[in-house]
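> Sequence plus predicted model, see below.
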Amino acid sequence: MSHIIFLHGASSSGKSTTARALQQRIELPFWHISIDHLRESGVLPLTRYRNKEFDWRADRSAVFDGFHQSLAGYAAAGNNLIVEHILDTPGWVEDLHRLLRPFDVLFVAVHCPVAELNARERLRGDRPIGSAAQDHSEIHAGRVYDMEINSTVGVEFNVQTILQVWRSNLRQSEFTRSKE
């Protein structure tokens with residue numbers, strides 16, 4: 001059975017930094033994947049979306065449906081995944097519960113204080129100002145996690161904590177409960 005470590009947090013919360021460090025420390029091969037990787041690699045025609053030649057709002061659902069289905073496909077082929085994502089759209093959680101049902105999913109909340117999110121967002125300069133704070137106020141409501149981390153306590157501490165919980169095989173999140 002493939003393993004999935006699912007990092008869920010606001011934009012700029014520290015998901016990528018945590019994922020990269022975790023991938024370097026974990027004892028099995030894990031892919032690190034996110035929608036940002038697709039954007040950065042040139043898979044998506046971003047220039048044509050930005051200049052309004054293509055309609056992002058019309059295509060967004062298909063892009064994310066494909067991304068979600070690809071995660072299940074990668075795992076079904078035997079690949080372990082570290083996924084970073086922002087579950088901010090109705091229906092995504094239910095779709096992912098269904099798609100990832102056959103796999104061992106460790107669902108991790110990645111938290112960061114709003115003041116720090118705002119500072120990181122300004123430094124990045126690639127997100128609308130205020131989107132991280134909006135994510136922070138909405139995306140964790142009603143979620144049931146296996147564990148929660150705070151990215152301001154340090155990446156090494158968080159990676160060690162994630163590894164301890166992952167190795168324990170104790171799962172209690174909504175991904176586990178959806179299998180019952």
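Received the coordinates, thanks. Numbers count the residues shown, from 1 in each chain.
> Chain neighbours aside, what residue packs nearest to residue 39?
residue 46 (6.2 Å; Cβ to Cβ, 6 or more residues apart in numbering). For every residue, glycine as well, the C-beta is placed using N, CA and C.
> The one you found: neighbour count?
Neighbours of residue 46 under the rule other Cβ atoms under 10 Å: 14.
> what do you get for the one 3 residues further on?
Counted by other Cβ under 10 Å, the residues lying close to residue 49 total 17.
> Can you get me a residue count around the residue nearest to it when sequence neighbours are not counted?
For residue 49, ignoring the flanking residues on the chain, the nearest one in space by Cβ to Cβ, 6+ apart is residue 56 at 4.5 Å. Close neighbours of residue 56, defined as other Cβ under 10 Å, add up to 13.
> likewise residue 110?
By other Cβ under 10 Å, neighbour count at residue 110 equals 25.
> Check the gap between it and residue 29 for me.
Here residue 110 is placed at a distance of 22 Å from residue 29 (Cβ to Cβ, to the nearest Å).
> where does this structure dip in pLDDT?
Where the chain drops to pLDDT under 70, the residues are 125-127, 130, 133, 180.
> residue farthest from the centroid of it?
residue 53 (28.7 Å; Cα atoms, centre = their mean).
> Ramachandran angles for that residue?
As for residue 53, its main-chain torsions (degrees, to the nearest 10) stand at phi -60, psi -40.
> Next one: it from residue 27, what distance?
Note on residue 53: its distance to residue 27, by Cβ to Cβ, is 46 Å.
> Please apply the same query to residue 110.
22 Å.
> what do you get for residue 121?
34 Å.
> wait, the residue nearest to residue 49 sits on residue 46?
No. Using Cβ atoms under 8 Å, residue 56 is not in contact with residue 46, being 9.0 Å away.
> which residues of this structure fall in strands?
For the chain, applying DSSP state E gives strands covering 3-9, 30-34, 80-85, 104-111, 147-150.
> Residue 121 and residue 27 - which one has more neighbours?
residue 121 (21 against 8).
> Am I right that the more buried one is in contact with residue 112?
No. Taking Cβ under 8 Å as the definition, residue 121 is not a contact partner of residue 112, at 10.4 Å.
> and for the two, which residues touch both?
Common neighbours of residue 121 and residue 112, using Cβ atoms under 8 Å, 6 or more residues apart in numbering, are residue 12.
> Mind listing what's buried along the longest helix along the chain?
Ranked by residue count and defined by DSSP state H, the top helix of the chain is helix 56-76. By 16 or more other Cβ atoms under 10 Å, the buried positions in helix 56-76 come out as 63, 64, 67, 68, 71, 72, 74, 75.
> No further queries at this time; thank you.
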